[in-house]
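test case, fold it:
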Amino acid sequence: MEQAVESRRSHFEDIRARARDEMAAIGIGAEFIPILVETFYGRVRAHPELGPVFDARLSGRWPEHMERMKRFWSAVAFKDGGYDGKPVMAHQGVANINPPLFQVWLGLFSATLDDLAPTQEAKTWFMATAERIARSLVLSLFYNPADDDPGRGRA
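Numbering: from 1, shown residues only. Here you go, the predicted model:
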């Protein structure tokens, strides 16, 4: 049993080491995550469409959300295991959320990366990751299999 635990620990350390190396290769260190999160969500809060949606959900809880997002992006980039949330559940029931807002979110994220990412490779990596996350959330929150029914809409 102890050998299995050690093997598992070694496996996860290998994953974290590869992630650190991958991030370093594109110019990203751990210090980038708080800067990205603080800058991006500052812009979200000021955005005329996104700000009200986020404020309605997070009023009085912004500091906790910011720390959660820092842990989230650190876990995504560095595979450090620091995030244990459930993103789909967190977004269920958010008032006035809709699929087009995810495109607005992605546009703002892209603009933030334009200003902050140290390399084009870093921007590409973070954008591809954000796009996968957004696509997953949109599918989880809004997908209706009936929309794919080829017979739907026939008279």
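
output the below-cut-off pLDDT ranges for this structure.
For the chain, the stretches with pLDDT under 70 are 149, 152-155.

just the helices in it please.
Ranges of helices in the chain, per DSSP state H, are 2-25, 32-46, 50-58, 62-78, 87-91, 99-116, 120-142.

now these in a markdown table, with distance to Pro150 and mean neighbour count?
C-beta coordinates here come from the backbone N, C-alpha and C atoms, glycine included. Shown next, in a markdown table, are the helices of the chain (distance: least, CB to CB, whole Å; neighbours: other CB atoms under 10 Å):
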| stretch | distance to Pro150 | mean neighbour count |
| --- | --- | --- |
| helix 2-25 | 42 | 11 |
| helix 32-46 | 38 | 17 |
| helix 50-58 | 34 | 16 |
| helix 62-78 | 36 | 17 |
| helix 87-91 | 28 | 13 |
| helix 99-116 | 21 | 16 |
| helix 120-142 | 19 | 15 |
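
for those, give me JSON lines that also has distance to Gly151.
Output for the helices of the chain, formatted as JSON lines (distance: least, CB to CB, whole Å):
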{"stretch": "helix 2-25", "distance to Gly151": "45"}
{"stretch": "helix 32-46", "distance to Gly151": "41"}
{"stretch": "helix 50-58", "distance to Gly151": "35"}
{"stretch": "helix 62-78", "distance to Gly151": "40"}
{"stretch": "helix 87-91", "distance to Gly151": "29"}
{"stretch": "helix 99-116", "distance to Gly151": "23"}
{"stretch": "helix 120-142", "distance to Gly151": "21"}
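
Asp148 is nearest to which of these?
helix 120-142 (11.6 Å; CB to CB).
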